[in-house]
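*Asks:* A structural model of the following input is requested.
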Amino acid sequence: VQLQASGGGLVQSGGSLRLSCAASGFPQNSYQRLGWYRQAPGREREEVACISSSDGSTTYARSNQGRFTISRDSAKNTVTLAMNNLKVEDTAVYYCLLVPRVGPDSWGQGTLVTVSS
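*Replies:* Numbers count the residues shown, from 1 in each chain. Take a look at the predicted model:
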């Protein structure tokens with residue numbers, strides 16, 4: 001399984017970014033969920049948002065609710081994270097995650113999001 005994340009960059013506080021993650025190398029519909037995590041300097045990796053493959057249900061970290069939206073395109077095997085009203089504390093390396101039905105989780109390489117004040 002390969003996950004290729006893109007879309008990070010530098011944005012001012014209050015701005016928006018859109019992250020995308022393209023997944024390849026696995027059978028269609030063989031995963032449980034896709035998600036985004038992030039890790040800020042000196043902090044542990046934390047969940048940002050996840051989306052289920054079965055029904056498209058989503059979960060969000062409380063700090064992101066109302067600002068971030070996760071979506072998926074099953075035909076293209078992509079997961080997208082739309083981030084609005086970004087805050088300085090959103091600065092982190094963002095990783096996409098694929099949780100398969102069988103086998104270990106797969107992580108993307110990470111994309112850096114920097115929010116300036």
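*Asks:* Where does pLDDT dip in this structure?
*Replies:* Along the chain, the model assigns pLDDT under 70 to residues 28.
*Asks:* If we use 90, what do you get?
*Replies:* The chain contains residues with pLDDT under 90 at 1, 24-32, 53-54, 65, 73-77, 100-104.
*Asks:* Can you pull up the most central residue in it?
*Replies:* By CA atoms, centre = their mean, the chain has its centre lying nearest to residue 36, at 2.5 Å.
*Asks:* Any idea what it is bridged to?
*Replies:* When bridges are called by DSSP bridges, residue 36 pairs up with residue 49, residue 96.
*Asks:* do you know how far it is from residue 27?
*Replies:* Distance of residue 36 to residue 27, given as CB to CB, to the nearest Å: 22 Å. From N, CA and C alone the C-beta is placed, and that goes for glycine too.
*Asks:* wait, residue 7 sits on residue 111?
*Replies:* Yes: under the criterion of CB atoms under 8 Å, residue 7 makes contact with residue 111 at 6.2 Å.
*Asks:* neighbour count winner among those two?
*Replies:* residue 111 (23 against 16; other CB atoms under 10 Å).
*Asks:* residues in contact with that one?
*Replies:* The contact partners of residue 111, taken as CB atoms under 8 Å, 6 or more residues apart in numbering, are 5, 6, 7, 8, 19, 93, 94, 95.
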